[in-house]
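Engineer: Generate coordinates for the sequence data below:
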Amino acid sequence: MHNTDTLVVEPLKDKPFGCVISLPSYCKNDPTALNKSDFEKLYNAVHENLVVVIQDQADLHPSTQYKLTKMFDSTIPEPKEDSGFAGYGHGKEFRHEQSVLKKDGTTVKSQPQVQILGQGVFEPEEPGNENGETISLTHPSHTTFHHTPLSAEKIKKDHETRFYRWHIDSALYDLNPPVVTTLLGIKVPPSNQLQKISYEDTGDELQLTQGATCFVSGEQAFANLSDEDKEFALNTTVEYAPHPYIFISPAGATSDGLTMVSEGKEIPFDKLPEWEESKIKKFPMVWKNPVTKKPHLQVHGCCLHKLHTKQPDGTVKTYELKEAREKAHKLMRPAIAPSYVLPHAWKQGDLVIFYNRGVWHSVTGEFKGVKSDGKDERRLMHQCNIASGMEPIQYS
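Structural biologist: This next block holds a predicted model:
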């Protein structure tokens, strides 16, 4: 780490995107204490590099993480009781018994916009457990979400894993996607264990560390499309299902984690929790980065419901669920080729800030989540992202 009087940005070497940030000495390792000029550098770095890593932040308090996350979006409404604005993902929608997100962490009681994620049981006195009670965390596993998961032998003996679910952090119903997500590694099990992801359609392999968080650039995803596919994407609106994480809960994901297998298993709309037509989200397929002005292909392939594409004659063609998924998958699949994926290998104290409106990301890997035989394979992280007051900017 540098010890300088100004913030330093170092692009990651031999990676498709991303950078490491060194904080200036005057802020005493508190990123919220940056002066106006240095915060502007950080803001631009997040939008330009998409994934930013600040090391040695294990002691960052949840209230400070919340404050930092808010600094990236002046439109965030003040928290309102029971509104969902207490922090995207931390209300009734995401703790609903039927939601596929119901096991993904627990809320920090003193700062409900921050979630505690990880694997294993943590006692009240352990670092990162802010709740004064024993908590049990479950790391998301593709074995519970994919239509046809890997065999136990492939996971254990061959050290294989999968992209769990490629996604944008967003409720995708009623609330707008957060601008950034901050993710802090407080307890990270030291592991030199490598895992691999095998691409069933091409035979490619991606090597990554146990439990790496993978990112792809929406900018690169769009840039790599054919001219015909770019035209399609630019003229397409993505309509998401009401309560989408509940809607898809009986279904299984494709083996690459990009979308769902269409078998008619989704919960019928009349069986979902109460919903309103006006709260259904319809977002452009291509979003504009406000700093670089570049187009980003931004789709949550698992939660979409329909695609609406403007034709050359001005009419609109609607693709229903199965075909919409197939169209989205065709556009998204090239972006997750090994050379385009940034797998972040977590180290204790890493604070990752990513531009949630410019990347897709996915959990990978499996953890035993136990503390025995001198080994501690538990993991604990703090995550914060907050619904924005503004919709994504359509690229045109």
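
Engineer: Please count neighbours and contacts with C-alpha atoms only from this point.
Structural biologist: Fine.

Engineer: could you check the distance from the nearest residue to Ala345 once chain neighbours are set aside over to Val341?
Structural biologist: Spatial nearest neighbour of Ala345, chain neighbours left out: Ala212 (5.0 Å); criterion: C-alpha to C-alpha, 6 or more residues apart in numbering. Relative to Val341, Ala212 is positioned 11 Å away (criterion: C-alpha to C-alpha, to the nearest Å).

Engineer: swap in Ala251?
Structural biologist: According to C-alpha to C-alpha, Ala251 and Val341 sit 26 Å apart.

Engineer: can you check Glu200 too?
Structural biologist: With C-alpha to C-alpha as the criterion, Glu200 and Val341 are 16 Å apart.

Engineer: Between the two, which has more neighbouring residues?
Structural biologist: Taking neighbours as other C-alpha atoms under 10 Å, Glu200 and Val341 compare with Val341 leading, 19 against 10.

Engineer: Would you mind listing the residues in contact with that one?
Structural biologist: Val341 makes contact with 16, 214-216, 335, according to C-alpha atoms under 8 Å, 6 or more residues apart in numbering.

Engineer: Buried ones among these?
Structural biologist: The neighbour count (16 or more other C-alpha atoms under 10 Å) marks 16, 214-216, 335 as buried among the contacts of Val341.

Engineer: Of the residues you listed, just say which sits nearest to Ser262.
Structural biologist: Using C-alpha to C-alpha, Ala335 is the member of the buried ones among the contacts of Val341 that sits closest to Ser262, with 21.8 Å.

Engineer: so what's the closest residue to Asn192 other than its chain neighbours up against?
Structural biologist: Closest residue in space to Asn192, ignoring its immediate chain neighbours: Thr209 at 7.0 Å, by C-alpha to C-alpha, 6+ apart. Counting by C-alpha under 8 Å, 6+ apart, Thr209 makes contact with 191-195, 345.

Engineer: Name whatever forms a beta bridge with Thr209.
Structural biologist: Under DSSP bridges, the beta-bridge partners of Thr209 are Leu194.

Engineer: Rebuild the contacts of Val341 as JSON lines, extending it with distance to Lys265, pLDDT and secondary structure.
Structural biologist: Formatted as JSON lines, the entries for those read as follows, by distance: C-alpha to C-alpha, whole Å; pLDDT from 0 to 100; DSSP: H, G, I helix; E, B strand; the rest coil:
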{"residue": "Pro16", "distance to Lys265": "37", "pLDDT": "98", "secondary structure": "coil"}
{"residue": "Cys214", "distance to Lys265": "28", "pLDDT": "98", "secondary structure": "strand"}
{"residue": "Phe215", "distance to Lys265": "29", "pLDDT": "98", "secondary structure": "strand"}
{"residue": "Val216", "distance to Lys265": "29", "pLDDT": "98", "secondary structure": "strand"}
{"residue": "Ala335", "distance to Lys265": "28", "pLDDT": "98", "secondary structure": "helix"}
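
Engineer: Give me the buried positions along stretch 341-348.
Structural biologist: Of all the residues in stretch 341-348, those buried under the rule 16+ other C-alpha under 10 Å are 341-344, 346-348.

Engineer: Which ones among those map onto helices?
Structural biologist: Counting by DSSP state H, the buried residues of stretch 341-348 place none of their members in helices.

Engineer: want to try a markdown table for those residues, with pLDDT and distance to Trp360 as columns?
Structural biologist: Below are the buried residues of stretch 341-348 laid out as a markdown table (pLDDT from 0 to 100; distance: C-alpha to C-alpha, whole Å):
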| residue | pLDDT | distance to Trp360 |
| --- | --- | --- |
| Val341 | 98 | 10 |
| Leu342 | 98 | 11 |
| Pro343 | 97 | 12 |
| His344 | 97 | 13 |
| Trp346 | 96 | 18 |
| Lys347 | 95 | 21 |
| Gln348 | 95 | 23 |
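
Engineer: Which pLDDT value goes with Asn376?
Structural biologist: Slight slip there: residue 376 is Asp, not Asn. Reported pLDDT at Asp376 in the predicted model: 86.

Engineer: who's in contact with it?
Structural biologist: Asp376 makes contacts with 189, 369-370, as judged by C-alpha under 8 Å, 6+ apart.

Engineer: which of the residues you listed are buried?
Structural biologist: Taking 16+ other C-alpha under 10 Å as the criterion, what is buried in those is 189, 369.

Engineer: mind listing the helices in the stretch 101-250 of the chain by residue range?
Structural biologist: For the stretch 101-250 of the chain, the helices identified by DSSP state H, counting those that start in this stretch occupy 152-156, 218-223, 227-234, 244-247, in order along the chain.

Engineer: Dump those helices to CSV, plus distance to Ser170.
Structural biologist: Converted to CSV, the helices of the stretch 101-250 of the chain look like this (distance: least, C-alpha to C-alpha, whole Å):
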stretch, distance to Ser170
helix 152-156, 30
helix 218-223, 15
helix 227-234, 20
helix 244-247, 10
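
Engineer: So which of those is nearest Leu183?
Structural biologist: Using C-alpha to C-alpha, the nearest of those to Leu183 is helix 218-223, at 19.3 Å.

Engineer: Out of the helices of the stretch 101-250 of the chain, flag the one nearest Gln383.
Structural biologist: Judged by C-alpha to C-alpha, the one of the helices of the stretch 101-250 of the chain that comes nearest to Gln383 is helix 244-247, at 18.8 Å.

Engineer: Run the chain-centre distance for the closest one.
Structural biologist: Using C-alpha atoms, centre = their mean, to the nearest Å, we find the averaged C-alpha position of helix 244-247 to lie 17 Å away from the chain's own average C-alpha position.

Engineer: Next: stretch 12-22.
Structural biologist: For stretch 12-22, the distance between its averaged C-alpha position and the chain's averaged C-alpha position is 18 Å (C-alpha atoms, centre = their mean).

Engineer: which residues are contacting that stretch?
Structural biologist: Contacts to stretch 12-22, defined as C-alpha under 8 Å, 6+ apart, come from residues 1-3, 7-11, 42, 45, 49-55, 217, 339-342.

Engineer: and those, which are buried?
Structural biologist: When the contacts of stretch 12-22 are checked for burial by 16+ other C-alpha under 10 Å, the buried set is 7-9, 11, 42, 45, 49-55, 217, 340-342.

Engineer: Narrow those to those in strands?
Structural biologist: Taking DSSP state E as the definition of strands, those contribute 8-9, 11, 51-54, 217, 342.

Engineer: If anything else comes up later, I'll come back, but that's it for now.
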